[in-house]
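> everything below, folded, please.
(chains A, B, C, D, E and F)
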4 protein chains.
Amino acid sequence: MSRVKKSSSRLGRPPATDSADTRRTILDVARAAFADRGFEVTTNREIATEAGITPAALYHYFPSKLDLFVAVHHDTQERVLARFNQAINDVSGFVPRFEAILDESHRMNNEDPSLARFLGSVRVDVARHPEFEMAVQVDQAAMDTFFRSIVDHGVETGDVDRSRRALVLSFVATTLTGLTTGQSASDRQHALAVEAIKAAVRGDLVARLPQV
Amino acid sequence: MSRVKKSSSRLGRPPATDSADTRRTILDVARAAFADRGFEVTTNREIATEAGITPAALYHYFPSKLDLFVAVHHDTQERVLARFNQAINDVSGFVPRFEAILDESHRMNNEDPSLARFLGSVRVDVARHPEFEMAVQVDQAAMDTFFRSIVDHGVETGDVDRSRRALVLSFVATTLTGLTTGQSASDRQHALAVEAIKAAVRGDLVARLPQV
Amino acid sequence: MSRVKKSSSRLGRPPATDSADTRRTILDVARAAFADRGFEVTTNREIATEAGITPAALYHYFPSKLDLFVAVHHDTQERVLARFNQAINDVSGFVPRFEAILDESHRMNNEDPSLARFLGSVRVDVARHPEFEMAVQVDQAAMDTFFRSIVDHGVETGDVDRSRRALVLSFVATTLTGLTTGQSASDRQHALAVEAIKAAVRGDLVARLPQV
Amino acid sequence: MSRVKKSSSRLGRPPATDSADTRRTILDVARAAFADRGFEVTTNREIATEAGITPAALYHYFPSKLDLFVAVHHDTQERVLARFNQAINDVSGFVPRFEAILDESHRMNNEDPSLARFLGSVRVDVARHPEFEMAVQVDQAAMDTFFRSIVDHGVETGDVDRSRRALVLSFVATTLTGLTTGQSASDRQHALAVEAIKAAVRGDLVARLPQV
DNA sequence: TATGAATGAGCCTTCATTCAT
DNA sequence: GATGAATGAAGGCTCATTCAT
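Numbering: from 1, shown residues only, chains lettered A, B, ... in the order given. Now for the predicted structure:
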């Protein structure tokens, strides 16, 4: 919101601008826009205006709208993964690590909701644009690998049964997707969902039924 | 499967029926298209062609593309809700009912994947088009109410602690969203996710940690 | 110039228009524009405006600007070839036939200068746009074949030496290109060039030098 | 052949010379580009890149793309005219001089095809850009004057009939245009066309018909 | 002299929608 | 009901050109 540079609106190179700054701004602005409105609905003009430049200037930094999207994806995935990695750094065991990830998710959702929101909506955009598939799959594989490593770590520490690796991984993917996609609107809602997932993992979400 | 409207030569049939058939076809075709490619990317021409008519003819059935989308939403929500209601009909207790819903979800995802896929992607489309919000909120409220009733039923039957109503409801919303949005690509994947959710609800997803 | 239909500028289908007429008008208008300004410089908007429609309506008749160009090429080539064929119909011998073609060229250049001008400039446009090559080569092969047949006919009637077939064909191509490309601006200039070519073919353009 | 400006490290050389080198390089590179793709299709960036500089640097040498084009035209016309003048230097009579010009054309087409190709395509570009007309007409007048002088020389030496001056001049213009525009693709083709024109001028292209 | 960052104008094309038939 | 012809608005992108450095 406070990103808008004073719109110079004058020809030629603007005084005292840093190329890297502009690129960073574009990436941030674009992430928010893509997260809110998706790839199709977001126009170059919107992104450019919010970044304080003209649509044509976008092409100075990214060869096409699609490339910009891919760059945003890569940047976001990278940042989130770094946060996750750092979050589990001095934590051991599957459950503690998963909870650390959930907590970090919640923190990130507070600091910059566009990170999670983007990752939540990217799935849809990618599904809708077959051209994206290849471009983002490297990044997504990295995220997959990360989650898999958490589960495998759980197997080692004993809280995940070796035979249930796939099941647990599926649970992680499903809940994280659900959290990111559906519950990131308000802080309260997000916090509640995080608690719910934790409770479920701990096994005390609902009363244990007497196993007949 | 055959999407093209059958040629209307069944003698004696009132013409109104053909009209209703065409409307039905449009709705089905549009649901699949919106589910696959989203509101923006799907064009009237695509829908019309697949329904065997011209884009202009669409306007005899729906006043605008937006109205068509809303109609599809209503229709889909209604059908899914009917299936859910029927699924829990002779089942008692929160966990059994939730499991029944998950199973029904899985069945539906097999029979006509476009139902779930549409509901999965509608969230994004609605978020991206503020105009939709009002139109779909009635339908979404109905779904909310349904889930709330399941949880309340759980409180009555005793397997949901009264103080955890909100928590459990959040879990239902989160996992169902995650299931629909992220795990509906293949039957196998969907089945696994359903099992994972069930295990989590039963409390035996991971090894119970010794409660100190 | 007098092609402009009353600009309806009203939405929906305009009353009493014939699709075939509009297509014909577009083709004619486009030929003139392409001939004058070339493919790149001519804009869809110019063509549309001169044809009394909007740029978007162009796409009702031709899938792209390139396709329109190819259609104009085909149409023009066909019409010119028809005139040439008719011109040599009851004439025998290479020289008489070549002269008939030159005369017909001159007549056409008077009636509708855009035919020749287009054919003159198309060579350049095709050279500049590799994508055109394939699309127009069928038409150009037909023209080639026609000229070749004239020369071969000359061999049969005896006024072209069999060993000079290639040479004569080259002369026909060179002069006709030169005529169309460089001398079609004014009627007088064109007529003079036609006379010059005829004189050269007759062998009395310049005084015969005493062959030492 | 090597288009890239040599690195300017020859000590003691006045910097002005490097500047002149760069200008020369731009002119050469631009001629080839304009010849191949025409004024519109050729971009400043292409020219600059091939000349080893940036688009902005172009503006240190030429005030605009249009001016660059005009400069290329002037330069090319000048060089070709110089070659032509030299070619007819010690030749007398219209036919021998015309043949000398044709031979020189052929030689030039071999050495640097871009000279002829540029001159062949310039006609079209000028016709397409009314702004060029005035700028190039001085150069073209010089070329015209040259050809006129050849013909007048022919009148003096007696091989051109005084009454046929205009006719012969038209022939020269037409064939030279045809040669440059249409037959300069391959050496073989060009050579054949040159021979054909020579034969026509000599009067023995086709069998002389019995003049009744 | 040269570069990199930026602009403004304009182009081709797509699309929802309208209207006469 | 349905179609085909047309529109207006908008979008992504390219390009010559400008200006601070």
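> low-scoring stretches of chain A, by residue?
Across chain A, the ranges flagged by pLDDT under 70 are A:1-13, A:15-16, A:208-212.
> and the longest helix for chain A?
Of all the elements of type helix in chain A, the one with the most residues (DSSP state H) is helix A:130-157.
> in that one, what counts as buried?
Residues of helix A:130-157 classed as buried under the neighbour-count rule (16 or more other Cβ atoms under 10 Å in any protein chain shown) are A:132, A:135-136, A:139-140, A:143, A:147, A:150-151, A:153-155. Yep, even glycine has a C-beta here, placed from its N, CA and C like the rest.
> give me the buried positions along the helix or strand that comes right after that helix.
Using DSSP states H and E, the helix or strand that follows helix A:130-157 towards the C-terminus is helix A:165-182. Of all the residues in helix A:165-182, those buried under the rule 16+ other Cβ under 10 Å are A:167-182.
> A:Gly203: what's it in contact with?
Contacts for A:Gly203 (Cβ atoms under 8 Å, 6 or more residues apart in numbering or on different chains) come out as B:200, B:202-206, B:208.
> run the chain-centre distance for stretch A:50-66.
Taking Cα atoms, centre = their mean, to the nearest Å, one finds stretch A:50-66 lying 22 Å from the centre of the chain it belongs to.
> before we move on, what about stretch A:25-37?
12 Å.
> that stretch vs chain B: in contact?
Yes - with Cβ under 8 Å from any Cβ of the partner chain as the measure, stretch A:25-37 is seen reaching chain B through A:36-37.
> let me see the contact set for the nearest residue to A:Ala142 once chain neighbours are set aside.
Nearest residue to A:Ala142 in three dimensions, chain neighbours excluded: A:Leu81, at 6.3 Å (Cβ to Cβ, 6 or more residues apart in numbering or on different chains). Listed by Cβ under 8 Å, 6+ apart, the contact partners of A:Leu81 are A:142-143, A:146.
> which parts of chain A are helices?
Counting by DSSP H, chain A has helices at residues A:19-41, A:44-51, A:55-61, A:65-87, A:94-111, A:113-128, A:130-157, A:165-182, A:187-202.
> what angle separates the longest helix of chain A from helix B:15-41?
70 degrees (axes from the mean of the first three to the mean of the last three Cα atoms, to 10 degrees).
> which secondary structure elements does helix A:130-157 sit against?
Here helix A:130-157 touches helix A:65-87, helix A:94-111, helix A:113-128, helix A:165-182, going by 3 or more Cβ pairs under 8 Å, 6 or more residues apart in numbering or on different chains; DSSP states H and E.
> how much does that helix deviate in direction from helix A:113-128?
Using the same axes, to 10 degrees: helix A:130-157 against helix A:113-128 is 120 degrees.
> what angle sits between helix A:130-157 and helix A:65-87?
10 degrees.
> with distance to B:Val41 added, can I get the buried residues of helix A:130-157 in a markdown table?
Shown next, in a markdown table, are these (distance: Cβ to Cβ, whole Å):
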| residue | distance to B:Val41 |
| --- | --- |
| A:Phe132 | 12 |
| A:Ala135 | 17 |
| A:Val136 | 17 |
| A:Asp139 | 22 |
| A:Gln140 | 21 |
| A:Met143 | 25 |
| A:Phe147 | 29 |
| A:Ile150 | 35 |
| A:Val151 | 35 |
| A:His153 | 40 |
| A:Gly154 | 40 |
| A:Val155 | 41 |
